[in-house]
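Trainee: Sequence and predicted structure below; questions after.
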Amino acid sequence: MKKKATHSGECQICGHHQKLPGGSLSKHGYTKRWGFFSGVCSGAGHLPFEVSKDQIAGAVAAVEAKIAEVSAEIAELENLDSSINGSGEAMSNEYLGNSVYGWEKVRVIDFVVGEAYSTGYVPYRAKSQIIRKEGYGENAKAFQPRDINAYSECFNLSSVRHWVWFLNCKYAKHLRSQNSARRDWVNWQQNRMANWAPKPLTPVEAV
């Protein structure tokens with residue numbers, strides 16, 4: 001029979017307070033405080049922050065490497081002349097159902113520039129297909145072309161490459177916000193590490 005937890009402690013990775021069956025943190029998901037994490041927290045099964053900080057340095061190094069990787073991706077996405085923007089494929093924020101939107105790769109198959117309005121706004125219209133995982137045939141609903149429209153006097157789009165770049169710049173903005181959250185997490189961890197000292201665990205009854 002599994003021993004009942006008598007104390008709880010703070011997760012080294014996400015900062016959540018969790019019970020400590022057998023002295024290690026129980027399985028848990030990441031706190032919503034850090035929006036770039038998902039799934040089961042990697043701090044599960046390890047010692048709590050009150051007792052140890054042995055998991056933090058490696059996690060910080062991994063997140064800093066991810067920041068650098070995503071920063072390079074952002075630079076490519078925002079560069080009109082990059083190979084990514086010449087591929088005819090872009091990331092687009094698509095409706096996934098149940099009032100949920102998510103980023104999906106789309107194939108741009110047509111692009112039209114309309115006549116400018118008297119207000120100065122230029123209508124742009126592109127046809128695209130969502131690129132799904134294997135198992136979706138070309139006749140599946142997900143592959144049916146549909147229009148994406150934009151109206152602006154702030155940018156000048158004239159080709160499929162421009163449209164792909166336009167969509168990818170929106171995705172780059174999303175990635176930049178995730179990197180901002182990663183940097184916040186790294187700063188938070190660095191402050192925790194700088195002020196770390198062992199301290200008592202919390203009795204379960206007091207949680």
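Mentor: Everything's here; your move.
Trainee: how is the chain carved up into domains?
Mentor: Per automatic domain parsing, the structural domains of the chain span 7-73+192-206, 81-179.
Trainee: buried stuff in the longest helix belonging to the chain?
Mentor: If you go by DSSP state H, the chain has its longest helix at helix 160-194. By neighbour count on 16 or more other C-beta atoms under 10 Å, the buried set for helix 160-194 is 160-169, 171-172, 175, 178-179, 182, 185-186, 189. C-beta here means a position set from N, CA and C on the backbone, and glycine is covered the same way.
Trainee: For the domains of the chain, which has the smallest mean pLDDT value?
Mentor: Lowest mean pLDDT within the domains of the chain: domain 81-179, a mean of 82.
Trainee: End to end on that one, go ahead and measure it.
Mentor: Across domain 81-179, the terminal residues are separated by 23 Å (C-alpha to C-alpha, to the nearest Å).
Trainee: Excluding chain neighbours, what is closest to His16?
Mentor: Spatial nearest neighbour of His16, chain neighbours left out: Thr31 (5.1 Å); criterion: C-beta to C-beta, 6 or more residues apart in numbering.
Trainee: how about the one you found, what does it touch?
Mentor: 14-16 (C-beta atoms under 8 Å, 6 or more residues apart in numbering).
Trainee: and it, that one's in a strand?
Mentor: No - under DSSP: H, G, I helix; E, B strand; the rest coil, Thr31 sits outside any strand and is assigned coil.
Trainee: which residues of the chain fall in strands?
Mentor: 7-10, 17-19, 89-97, 100-113, 122-130, 146-152, 202-203 (DSSP state E).
Trainee: Counting by contacts, list what the second one packs against.
Mentor: What that stands for is strand 17-19. strand 7-10 (3 or more C-beta pairs under 8 Å, 6 or more residues apart in numbering; DSSP states H and E).
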